[in-house]
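Participant: Predicted model follows, preceded by the sequence.
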Amino acid sequence: MTTWMLRRLIQAAFVMLVMTVIVFIGVNVIGDPVEILISPEADQAERARAVAALGLDKPLWEQYWRFLSGALQGDLGRSFVFNEPALKLIAQRMPATLELAITAVLLSVILGIPLGLYAGLRPNSIGGRAIMGASILGFSLPTFWVGLMLIMVFAVQLGWLPSTGRGPTRELFGVQWSFLTWDGLRHMAMPALNLALGNIALVLRLTRAGVRENLPMDYVKFARAKGISPNRVVFVHVLKNILIPIVTVVGLEIGGLIAFAVVTESVFAWPGMGKLIIDSINVLDRPVIVAYLMMIVLLFVVINLIVDLLYTVLDPRVRLETKE
């Protein structure tokens, strides 16, 4: 197990190194931030001073080396616009995005698995067919359109929920969270649901497919022959066997929700990392863009590692392979 973990950590470090090259070069060869940050009336001397102050007068390889050296020390550069550490700007916005993404994942699991079990156990019932039809809508409807419809119905027409913003927050472990206040939860309800719809449909269909695949298997027939109650067969035996693909998808979707929450945060004016990255792209704030992308890469690497560890808990065969 120790050797396996060490091998995975080396692989993760190699992935991070390769991604630093791809991300840094990809961001730095696009556009010229000086054209946006400096007044058009500035003369050549002012432009030269601005270029030198931003460190853009150095060769690309030297800029990358300075970036990599700083990254190893926890410094991902300073924002061109705010003149603050890029990592600090992202850390200030990260709690808002994290609570939105985690709430969306919880909704996906809480709603997707039970609905998928019902549709798998009763595939020909009216309810089962209605659930599968609704899951197609969850995949098909654009996120921005659903967000606008939610605002139109629940905020404008019914007046039940606030339309934009994060609402009041409360501190926990030195971080401000909106889910700790009732009004904060009301602000979070529509963005979280909007972000979760596609994942609810995905988890639902995965669960249904797993149930339909496992019900005819011999271990289910043997459990029923032993007189085990139907609920125990489903919730202990069948559910445990279909959890591995669900854990994989849910784990990867956490990173995807954080990385691609830009649309939802823009529609609901949610002050998270997505809004920050959009603003940074508009002004070509390269350090913030690079820092954001590297944080997302690190997040995916860590989530993949956690998912692999969960495999060893859910499947004894994986534990044997890691020991070997």
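Facilitator: Nice, thanks for sending it over.

Participant: Now do the residue nearest to Ala71 when sequence neighbours are not counted against Trp65, distance only.
Facilitator: Using CB to CB, 6 or more residues apart in numbering and skipping residues adjacent in sequence, the residue nearest Ala71 is Thr20, 6.8 Å away. No exception for glycine: its C-beta is placed from N, CA and C like everyone else's. Separation of Thr20 from Trp65 (CB to CB, to the nearest Å): 11 Å.

Participant: what do you get for Arg186?
Facilitator: 49 Å.

Participant: Glu171 should be in a strand, yeah?
Facilitator: Yes. The assignment for Glu171 (DSSP: H, G, I helix; E, B strand; the rest coil) places it in a strand.

Participant: any idea of the pLDDT on it?
Facilitator: Glu171 is assigned 79 on the pLDDT scale.

Participant: Quick check: Val220 is in a helix.
Facilitator: Yes. Applying three-state DSSP, one finds Val220 inside a helix.

Participant: Next, count neighbours for it.
Facilitator: A total of 17 residues lie near Val220 under the criterion other CB atoms under 10 Å.

Participant: before we move on, what about Phe222?
Facilitator: 12.

Participant: before we move on, the earlier item: wait, the residue nearest to Ala71 sits on Gly70?
Facilitator: No. If you go by CB atoms under 8 Å, Thr20 and Gly70 don't touch, sitting 11.1 Å apart.

Participant: what's near enough to touch the residue nearest to Ala71?
Facilitator: Thr20 makes contacts with Tyr64, Phe67, Leu68, Ala71, Met294, as judged by CB atoms under 8 Å, 6 or more residues apart in numbering.

Participant: Among the residues you listed, the buried ones, what's the PyMOL command?
Facilitator: In PyMOL, a selection of the buried entries from these looks like this (16 or more other CB atoms under 10 Å):
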select buried, resi 64+67+71+294
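
Participant: Using a markdown table, lay out the contacts of Thr20 together with secondary structure, pLDDT and distance to Val307.
Facilitator: Shown next, in a markdown table, are these (DSSP: H, G, I helix; E, B strand; the rest coil; pLDDT from 0 to 100; distance: CB to CB, whole Å):
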| residue | secondary structure | pLDDT | distance to Val307 |
| --- | --- | --- | --- |
| Tyr64 | helix | 78 | 31 |
| Phe67 | helix | 76 | 29 |
| Leu68 | helix | 78 | 28 |
| Ala71 | helix | 76 | 25 |
| Met294 | helix | 82 | 20 |
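
Participant: ok, of the contacts of Thr20, which one's closest to Gly159?
Facilitator: Met294 (42.0 Å; CB to CB).

Participant: which ones are touching that closest one?
Facilitator: Met16, Met19, Thr20, Val23, Ala71, Leu76.

Participant: do that again at 7 Å, thanks
Facilitator: Residues in contact with Met294, defined by CB atoms under 7 Å, 6 or more residues apart in numbering, are Thr20, Val23, Leu76.

Participant: Give me the helices and strands touching the top helix by length along the chain, please.
Facilitator: Using DSSP state H, we find that the single longest helix of the chain is helix 86-121. For helix 86-121, the packing partners by 3 or more CB pairs under 7 Å, 6 or more residues apart in numbering; DSSP states H and E come out as helix 126-140, strand 175-177, helix 182-214, helix 239-259, helix 273-282, helix 286-314.

Participant: Run through who's touching the fifth one.
Facilitator: Read it as helix 273-282. Contacts of helix 273-282 (CB under 7 Å, 6+ apart): Leu89, Ile90, Arg93, Met94, Thr97, Ala261, Val262, Glu265, Ser266, Val288, Ile289, Tyr292.

Participant: cool, stretch 153-162 as well?
Facilitator: Ser163, Arg186, His187, Ala189, Met190.

Participant: try 10 Å
Facilitator: 150-152, 163-164, 183-190, 193, 268 (CB atoms under 10 Å, 6 or more residues apart in numbering).

Participant: what distance separates it from the middle of the whole chain?
Facilitator: 27 Å (CA atoms, centre = their mean, to the nearest Å).

Participant: Buried residues in it, which are they?
Facilitator: Phe154, Ala155, Leu161, Pro162.

Participant: re earlier: specify which member of the contacts of Thr20 is nearest to Ile131.
Facilitator: For the contacts of Thr20, the nearest to Ile131 is Met294 (39.7 Å; CB to CB).

Participant: Test my guess that Leu193 contacts Leu107.
Facilitator: Yes. When contacts are counted by CB atoms under 10 Å, Leu193 is listed as touching Leu107 (6.6 Å).
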